[in-house]
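Asks: the amino acid sequence is not available; the structure is as follows:
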């Protein structure tokens, strides 16, 4: 894991940036900012403000796609080898998604390992992923990780060992809501709803 990480949350109304640095006692936040798009002259201006600020320079960049761009399915596979899962997961997802398999990026998380592996698979249009990467490339930055909204928050909470049974995480935005379902410490499903706090 890199020593410096810039986390970017690119939202409808603002860009939120957090920089963390690894120290002797783990990671610590060294800078944070919320840049309203209206004040920055739009998304391009907000991103320029982040990357033009020396507090956010250098290090790996982590960002996320909106949940609404992704299709999720929980799948059972007759093997446990992660490399084999990675090779076959796109074809396993194909009957469950509204896109051609060549037009999506597919990734997965392990839910349960055994004689049969249970995985949570996510498919996102390549256009959405490349658009996110292009926004950063315009500023000479590269996304080391492109995650999916709400999933990292749920995974971090579960890593704390507080959830033994079933749980729901509601990520309520202005116009969208993400819901992540967990079961026995693993994320098992995620859904997007087109309503929010406003």
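Replies: Cool, got the structure. Small disclaimer: the values here were computed from a predicted structure and weren't measured.
Asks: per-residue confidence at the residue nearest to residue 189 when sequence neighbours are not counted?
Replies: Excluding the flanking residues, the one nearest residue 189 by C-beta to C-beta, 6 or more residues apart in numbering is residue 181, at 4.3 Å. C-beta: built from backbone N, CA, C; applies to glycine. Reported pLDDT at residue 181 in the predicted model: 94.
Asks: same thing with residue 168?
Replies: 91.
Asks: tell me who's in contact with the residue in the chain sticking out farthest from the centre.
Replies: Distance from the C-alpha centroid of the chain peaks at residue 115, with 28.6 Å (C-alpha atoms, centre = their mean). Residues counted as contacts of residue 115 (C-beta atoms under 8 Å, 6 or more residues apart in numbering) are 78, 80.
Asks: so how far is residue 68 from it?
Replies: 35 Å (C-beta to C-beta, to the nearest Å).
Asks: so residue 20, which state does it fall into?
Replies: strand (DSSP: H, G, I helix; E, B strand; the rest coil).
Asks: give me the beta-bridge partners of the closest residue to it other than its chain neighbours?
Replies: Leaving aside its sequence neighbours, residue 20 sits nearest to residue 27 (C-beta to C-beta, 6+ apart; 4.5 Å). Judged by DSSP bridges, the bridge partners of residue 27 are residue 22.
Asks: what sits against the residue nearest to residue 173 when sequence neighbours are not counted?
Replies: Once flanking residues are discounted, residue 173 sits nearest to residue 196: 4.6 Å by C-beta to C-beta, 6+ apart. Residue 196 makes contact with 172-177, according to C-beta under 8 Å, 6+ apart.
Asks: how about the residues you listed in JSON lines, adding secondary structure, distance to residue 120 and neighbour count?
Replies: As requested, the contacts of residue 196 are exported to JSON lines (DSSP: H, G, I helix; E, B strand; the rest coil; distance: C-beta to C-beta, whole Å; neighbours: other C-beta atoms under 10 Å):
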{"residue": "172", "secondary structure": "strand", "distance to residue 120": "22", "neighbour count": "13"}
{"residue": "173", "secondary structure": "coil", "distance to residue 120": "22", "neighbour count": "18"}
{"residue": "174", "secondary structure": "coil", "distance to residue 120": "26", "neighbour count": "11"}
{"residue": "175", "secondary structure": "coil", "distance to residue 120": "25", "neighbour count": "13"}
{"residue": "176", "secondary structure": "coil", "distance to residue 120": "20", "neighbour count": "19"}
{"residue": "177", "secondary structure": "strand", "distance to residue 120": "19", "neighbour count": "18"}
